[in-house]
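Participant: No letters, just coordinates:
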């Protein structure tokens, strides 16, 4: 099956809508201005909005999920999710434990499943990279005002 | 606008609830601070505050003197403040541990004078919540506690305000208090204020230095509620001179008069350096009342005199010089001992070591002038009260959490002009403890995880190619 065109993909719009809603929730829940320290440092902003999304998507969705998908076991699906996606997302959340509180690390599991889904839906990491950037952008924007 | 502005509360209702709260069958007394998320570093006089019981993440610390462990305590002393019409009666207070005793004063600690060290000193090292947990015990009546605190900005950048929340649990497990749970914040005065000795508004702290008017952390942007008090705007009295709330590492240097010759006590500020000139303020009085402060540059003669009169310690006999205080020596300044006394005292003494030497001896402290950072510019006093009623509806019936969260300024990284550009930044970057976006690490410091991941990926590709599995 040919991948859908992104600009006509309802699933993609749905994820972006959820991302915006999550950003609003973070704006409400987290301390006002929590992301200003990040936004004021060009290096941190570059890392958060470009470097980490590209590197993480290349490693997790590109290499790890790609490798697992190439195996028969990994391609098996449960409730629309491949085992490769679930395992990759678990690894993704585990790696976040290194630098993040455990609750935050766990909370990246679901967005990671979405990224993995679109990696399979589009057969590449370009859309997941853009989505990852959108996720992080929502986080940053949620902490600029208050 | 802050999202919490959507939750307006009646200030009057809070006052009324606090003052006229009726007898309840199952109310509570605040016993003491809970130490489960605290780590006391006895030798350093510091209590780390963690946002997890495991002691992994700390966003700040309390400081204490020898007897004041852990830096904050609860006194059950009834006292009143204010005047008719706005009078509040408190059942106790939350403050630094002072253990003052005065048979004629029913509240010697809660009503202690200014400069008595009554405010607990909360040092924020990150722009993230600081959770102080308090244990409660059953009681028959609601209790109202005045909170005497001070926030010091020890982060790498500027604040624009702070917020105070009540709730339960710490860190990510913090649950905000509800309107119905009989745990409430009550406004007891302005929420925050920069030191009265610098910006006025405090008769007991003497004449102010920079402005006659008080620098109050309460603005049009502030919000108030039963479980939230917050301010997001800087007072012009402070901001017009220094910009937003300075971190300790960026406060300007000043010349002080140490009137008791003791470096451990507060000194009188005489002048400050704005990056180009030393400035001071001449007082204009009307019938002994201070009405204005007029800025002028310090003269060379004044500076020369101050430099020639350091803080010293002398021997009582004919007052020969024993030691001279050097605020730049060591980590926190040292007394430099005169050569003829080195055999007796050694080459250097710290301020506390000199205090021990002076006590019970003939040594005499001599007042003098000293140059150093104006640390009070990084500090703001906090004022509010907490009403504690029935605990039955609380998630944790035996404790509640007082959460104080600094608010980062939009000018967080704006260096003041008096900080030379070539001075290297302190490599401490405030990262929110509650995450950093969807990335494995983005603190700005070198993070070995990212190159590690890249190496793992490249190694994987190399192995796959070597195994002949290259499929592209």
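Facilitator: Good, I have the coordinates. Please read all numbers here as calculations on a predicted model, not as lab measurements.
Participant: Just give me the neighbour total for residue B:300.
Facilitator: Using other Cβ atoms under 10 Å in any protein chain shown, the number of residues around residue B:300 comes to 9. Placement of C-beta: from N, CA and C, glycine included.
Participant: cool, residue B:340 as well?
Facilitator: 10.
Participant: can you tell me which residues contact it?
Facilitator: Taking Cβ atoms under 8 Å, 6 or more residues apart in numbering or on different chains, we find residue B:340 in contact with no residue.
Participant: and it, backbone torsions?
Facilitator: For residue B:340, the backbone dihedrals are phi -70, psi -10 (criterion: degrees, to the nearest 10).
Participant: need the strands for chain A, in chain order.
Facilitator: Using DSSP state E, the strands of chain A run over A:77-78, A:81-82.
Participant: The last one packs against which elements?
Facilitator: For strand A:81-82, the elements it packs on are helix A:109-122, judged by 3 or more Cβ pairs under 8 Å, 6 or more residues apart in numbering or on different chains; DSSP states H and E.
Participant: gap between the helix it packs on and the chain center?
Facilitator: Centre-to-centre, helix A:109-122 and its host chain are 7 Å apart (Cα atoms, centre = their mean, to the nearest Å).
Participant: Repeat that for stretch A:58-78.
Facilitator: So, by Cα atoms, centre = their mean, the centroid of stretch A:58-78 is 16 Å from its chain's centroid.
Participant: tell me which residues of that stretch are tucked away?
Facilitator: For stretch A:58-78, the neighbour count (16 or more other Cβ atoms under 10 Å in any protein chain shown) marks A:58-66, A:68-69, A:74 as buried.
Participant: Chain B: which of the residues you listed is nearest?
Facilitator: Looking at these and their distance to chain B, the nearest is residue A:59, at 4.6 Å (Cβ to the nearest Cβ).
Participant: give me the subset of the buried residues of stretch A:58-78 touching chain B.
Facilitator: A:58-59, A:63 (Cβ under 8 Å from any Cβ of the partner chain).
Participant: Which residue ranges of the stretch 151-300 of chain B form strands?
Facilitator: Along the stretch 151-300 of chain B, counting by DSSP state E, counting those that start in this stretch, strands occupy B:159-168, B:175-176, B:183-186, B:192-193, B:223-224, B:228-231, B:253-258, B:268-273, B:278-286, B:289-297.
Participant: among these, where is the model least confident on average?
Facilitator: Mean pLDDT is lowest for strand B:223-224 among the strands of the stretch 151-300 of chain B, at a mean of 66.
Participant: still on that earlier bit, kindly reformat the strands of chain A as CSV containing distance to residue B:415 and mean pLDDT.
Facilitator: Below are these laid out as CSV (distance: least, Cβ to Cβ, whole Å; pLDDT from 0 to 100):
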stretch, distance to residue B:415, mean pLDDT
strand A:77-78, 54, 90
strand A:81-82, 49, 94
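Participant: and these as TSV, adding distance to residue B:231?
Facilitator: As requested, these are exported to TSV (distance: least, Cβ to Cβ, whole Å):
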stretch	distance to residue B:231
strand A:77-78	51
strand A:81-82	46
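Participant: which SS class is residue B:134?
Facilitator: Per DSSP: H, G, I helix; E, B strand; the rest coil, the secondary structure class of residue B:134 is strand.
Participant: Count residues in the vicinity of it, would you?
Facilitator: By other Cβ under 10 Å, neighbour count at residue B:134 equals 21.
Participant: List the contacts of the nearest residue to it once chain neighbours are set aside.
Facilitator: Excluding its sequence neighbours, the residue lying closest to residue B:134 (Cβ to Cβ, 6 or more residues apart in numbering or on different chains) is residue B:30, at 5.1 Å. Each residue near residue B:30 by Cβ under 8 Å, 6+ apart is listed here: B:74, B:92, B:94, B:134-136, B:143, B:145, B:386, B:388.
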